[in-house]
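>>> need a 3D model of the sequence below.
(2 chains)
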Amino acid sequence: GQQVMQIPQYQHVQEGEDFTTYCNSSTTLSNIQWYKQRPGGHPVFLIQLVKSGEVKKQKRLTFQFGEAKKNSSLHITATQTTDVGTYFCAGSNAGGTSYGKLTFGQGTILTVHP
Amino acid sequence: EAGVAQSPRYKIIEKRQSVAFWCNPISGHATLYWYQQILGQGPKLLIQFQNNGVVDDSQLPKDRFSAERLKGVDSTLKIQPAKLEDSAVYLCASSSFLRQAGSYNEQFFGPGTRLTVL
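Below you'll find the predicted structure:
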């Protein structure tokens, strides 16, 4: 079945440093979504990427979808303590018959030291 | 707009006992998902409903897990009997109607039920 891998598993940064997490799928994806889960909380939707090579920005966050639609990245510029949490990518299979079924990566845990 | 509601928030049971979780999705959301999130891992889809029909239950351990969504609104997930490895957070999520296979919408998650099996 489809596998979605994320690296790194953990990232510790000083406040103000940049952060990047990478997501790789074993199969071509229809779309990829990114979620953030604060400690003790539930996943919250950040963004969805659909087109090959797509780049989207949300303030200090930049999301990219690879040309082959098998990988994606999330980059945070100048991290803040409010960025702390686990970032998950989740993909849907291309050409699948499922209705919105997402396969989640294992997540990258980000800690930010003030 | 009210979010996805789940209860209970916490449950502790002994192995071989039964447990049930309840979920009420966002009003008007036709698609409902149950996920299992083991500590340190991403959510794993157990079952997906579109209205009151099952769309995907390929990863549901059907010998012990069951789920229903009788009126196309709220849903229950049951484990009977529970095993130690069922200790996890059970997340319910919902999304608006998906018109066709291969389509996708953002999912809204509830607060989850943390299950501990002793």
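
>>> what's in contact with stretch B:26-37?
Outside of stretch B:26-37, the residues within contact range by Cβ atoms under 8 Å, 6 or more residues apart in numbering or on different chains are A:99-100, B:1-4, B:23, B:25, B:43-51, B:55, B:67, B:69, B:72, B:75, B:77, B:88-98, B:105, B:107-108, B:112. No exception for glycine: its C-beta is placed from N, CA and C like everyone else's.

>>> what of stretch B:49-65?
Stretch B:49-65 is contacted from outside by A:98-99, A:101, B:30-33, B:44-48, B:67, B:69-72, B:75, B:77-83, B:86, B:97-98, using Cβ under 8 Å, 6+ apart.

>>> go through that stretch and flag the buried ones.
By neighbour count with 16 or more other Cβ atoms under 10 Å in any protein chain shown, stretch B:49-65 contains the buried residues B:49, B:50, B:55, B:56, B:57, B:59, B:60, B:65.

>>> kindly indicate which of the residues you listed lies nearest residue A:85.
Nearest to residue A:85 among the buried residues of stretch B:49-65, counting by Cβ to Cβ, is residue B:59 at 25.2 Å.

>>> ok, back up a step: of the contacts of stretch B:49-65, buried ones?
Buried by 16+ other Cβ under 10 Å: A:98-99, A:101, B:30-33, B:45-48, B:67, B:69, B:75, B:77, B:79, B:82, B:86, B:98, out of the contacts of stretch B:49-65.

>>> what's the closest non-adjacent residue to the closest residue to chain A within chain B?
Nearest to chain A, among the residues of chain B, is residue B:42, at 3.3 Å (Cβ to the nearest Cβ). The shortest distance from residue B:42 to any non-neighbouring residue, by Cβ to Cβ, 6 or more residues apart in numbering or on different chains, is to residue A:104 (3.3 Å).

>>> number of nearby residues for the residue of chain B closest to chain A?
Using other Cβ atoms under 10 Å in any protein chain shown, residue B:42 is surrounded by 22 other residues.

>>> list the residues that contact residue B:42.
Counting by Cβ under 8 Å, 6+ apart, residue B:42 makes contact with A:4, A:88, A:90, A:104, A:105, A:106, A:107.
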